[in-house]
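S.K.: A structural model of the following input is requested.
(one chain, ligands or ions: 2)
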Amino acid sequence: MTYSVAIAGASGYAGGELLRLLADHPEFEVRTVTAHANAGQALIAVQPHLRGYAHLTLQETTPEILSGHDIVFLALPHGASGAIAAALPDDVLVVDCGADHRLEGADDWAAFYGGDFHGAWSYGVPELPRADGRQRDRLVGTRRIAAPGCNASTVSLSLAPGIRAGVIGAGDLVSVLAVGPSGAGKSLKAHLLASEILGSANPYAVGGTHRHLPEIAQALRWAGAEDPRLSFTPVLVPMSRGILATSSAKLAPGATPESVRAAWEDAYAGETFVQLLPEGQFPRTADVLGANTALMGLAVDLHAGRVVVVTAVDNLAKGTAGAAVQSANIALGLPEGLGLPVNGVAP
Ligand SMILES: NC(=O)C1=CN([C@@H]2O[C@H](COP(=O)(O)OP(=O)(O)OC[C@H]3O[C@@H](n4cnc5c(N)ncnc54)[C@H](OP(=O)(O)O)[C@@H]3O)[C@@H](O)[C@H]2O)C=CC1
Ligand SMILES: CC(=O)N[C@@H](CCC(=O)OP(=O)(O)O)C(=O)O
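M.R.: Numbers count the residues shown, from 1 in each chain. Ligands and ions are numbered 1, 2, ... in the order given. Next comes the predicted model:
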C-alpha cells in the first residue's frame, strides 16, 4: 500500500530531514509540502540537496491543504502545530515534531513554554524503557504521535535503563551535552551566527532553565523514578549536526559494574537503532551522522561512585525525523525500520 504524506514546515531543518528519509521509504509518498515565509517557492529552491523532489512546490500551511492525506508530519515552531493538528481528521496519522503534544502536565507546559496547552500524545521514542515495558507498546495503532525533543530523547535513553533496573539513583543526575546549532532550526538567530560559534564552545540554558527538563523528567518517571533531579547543561559546539550527551548518576547501594552493564544490555537487547557499545568503547557524533541510530558507551567509576553514559545521536535523524518515521511505522503496523538508515555518513 502507498500512504499519501503531507509535510508542514518542509522548508526547515526537521522538515528537510523528513523529506530526505522518506525518499527511501517504500510505502510513504510525499505529495504535499507546506511552509510559511517560503510558501510559493519550489521546494528544491529552498532545500537544494533534495533533488528528488523537483516536482513539489511549497504551499501555505493550512488544515485544508494538509487534509486529504493518510499521514501529516508537522515540523513547525512549537506553539504553531496545536491548532492545526486539532483541525485535522481523527483517522489521519499526525506526527508532531514540535513540543506542543509532548508534556502530560499543563503546569510544566505553562512554566517552560506558555500559551495554549494541547495535551499529550503518544511519545515517539519507541526504545525508551518504561517500568511497565517499552514506549513502543504505546505507539501501536495510535493516530497521534509527539516526536521527541532531540536533547530530551538522548538523555532519557541514556538514563532510563539504570533507573528502571534500580542500579542508579534518580536524585543526583547530571547531563552535559555538546550540541550542533541545527538543533535550533534554520531561522536567523544572533547567537548562532558563524562568527559567534566557529572556534568556540558556548553554553546556554544553564541552571535548570532548558525546555527539555520537564520532558526528560516525565520519561524518567515512566522508567520508575519518583522525583528525578537532573542538572542539564547544553553547550553549542561548531558541528552542523549532532549531540554528544555525557550523563552521570550515583550508583545505587549494592549495584556492581556487572549489574549496571546488564541493565543497559537488557534494555536495548535486540534493538536496531539504539546500540550499547562494548566495554571501554565510547561513541563520537561522527559515527551517527545521517543515521537513525543512537550509540551509547557506559562506564562505572567506582572511585566517584557514579555511572557514566555517553550517547551520540544525530539531532535531525534519530533525534527528530527518524524517530518520527520509526514511530509512524509502528503506529501503522509496518516493519519498524522501514526506510530508515542504521548506517551513518563518514568521514
Ligand atoms: N532542529 C532539530 O534538531 C529539532 C527540531 N525539532 C522541532 O521541529 C520543529 C521544526 O524545527 P526546525 O525544522 O529545526 O525549525 P526551522 O526553523 O528550520 O523550520 C521551521 C519551519 O516552520 C515554518 N514556519 C515558521 N513559522 C511558521 C508559522 N507561524 N506557521 C507555520 N509554519 C511556520 C517555516 O517555514 P518558512 O521557512 O517558510 O518560514 C519552516 O518550514 C520545531 O518545533 C522544533 O522544535 C525537534 C527536535 C529536534
Ligand atoms: C542548539 C539548540 O538550540 N538546540 C535546541 C534543540 C531543540 C529541540 O530538540 O527541539 P524542540 O524545540 O522541538 O524541543 C535546544 O537546545 O533548545
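S.K.: In contact with the residue lying closest to residue 118 once chain neighbours are set aside, which residues?
M.R.: Distances taken as CB to CB, 6 or more residues apart in numbering place residue 82 nearest to residue 118, at 3.7 Å, with adjacent residues excluded. Just so you know, the C-beta spots here come from the backbone N, C-alpha and C atoms, and that holds for glycine as well. Contact partners of residue 82, counting by CB atoms under 8 Å, 6 or more residues apart in numbering, are 100-101, 116, 118.
S.K.: How many residues are close by residue 274?
M.R.: Using other CB atoms under 10 Å, residue 274 is surrounded by 25 other residues.
S.K.: thought it was touching residue 127?
M.R.: Yes: contact criterion CB atoms under 8 Å: residue 274 and residue 127 qualify, at 4.5 Å.
S.K.: Please identify every residue contacting each of the two.
M.R.: 157, 268, 294.
S.K.: What subset of the contacts of residue 82 is buried?
M.R.: The neighbour-count test (16 or more other CB atoms under 10 Å) marks 100-101, 118 as buried among those.
S.K.: Surely residue 145 is within a strand?
M.R.: Yes: applying DSSP: H, G, I helix; E, B strand; the rest coil, one finds residue 145 inside a strand.
S.K.: Next, the buried residues of stretch 82-102.
M.R.: Buried residues in stretch 82-102, counted by 16+ other CB under 10 Å: 82, 84-85, 88, 92-102.
S.K.: Quick check: mean pLDDT of it?
M.R.: Regarding stretch 82-102, the rounded mean pLDDT is 96.
S.K.: Output that stretch as CSV, restricted to C-alpha atoms.
M.R.: Below are the C-alpha coordinates for stretch 82-102, written out as CSV (Å, rounded to 0.1, in the frame of the first residue of the first chain):
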residue,chain,number,x,y,z
GLY,A,82,-1.5,22.6,18.2
ALA,A,83,-4.3,24.5,16.5
ILE,A,84,-3.5,23.0,13.1
ALA,A,85,-3.4,19.4,14.5
ALA,A,86,-6.8,19.9,16.2
ALA,A,87,-8.4,20.7,12.8
LEU,A,88,-7.2,17.5,11.2
PRO,A,89,-9.5,14.4,10.9
ASP,A,90,-9.1,11.8,13.7
ASP,A,91,-8.3,9.0,11.3
VAL,A,92,-5.3,10.8,9.8
LEU,A,93,-1.9,9.8,11.4
VAL,A,94,-0.5,13.1,12.7
VAL,A,95,3.1,13.2,13.9
ASP,A,96,4.2,16.5,15.6
CYS,A,97,7.9,17.2,15.6
GLY,A,98,7.4,20.2,17.8
ALA,A,99,6.8,20.3,21.6
ASP,A,100,3.0,21.0,21.6
HIS,A,101,2.0,17.5,22.4
ARG,A,102,4.9,16.1,24.4
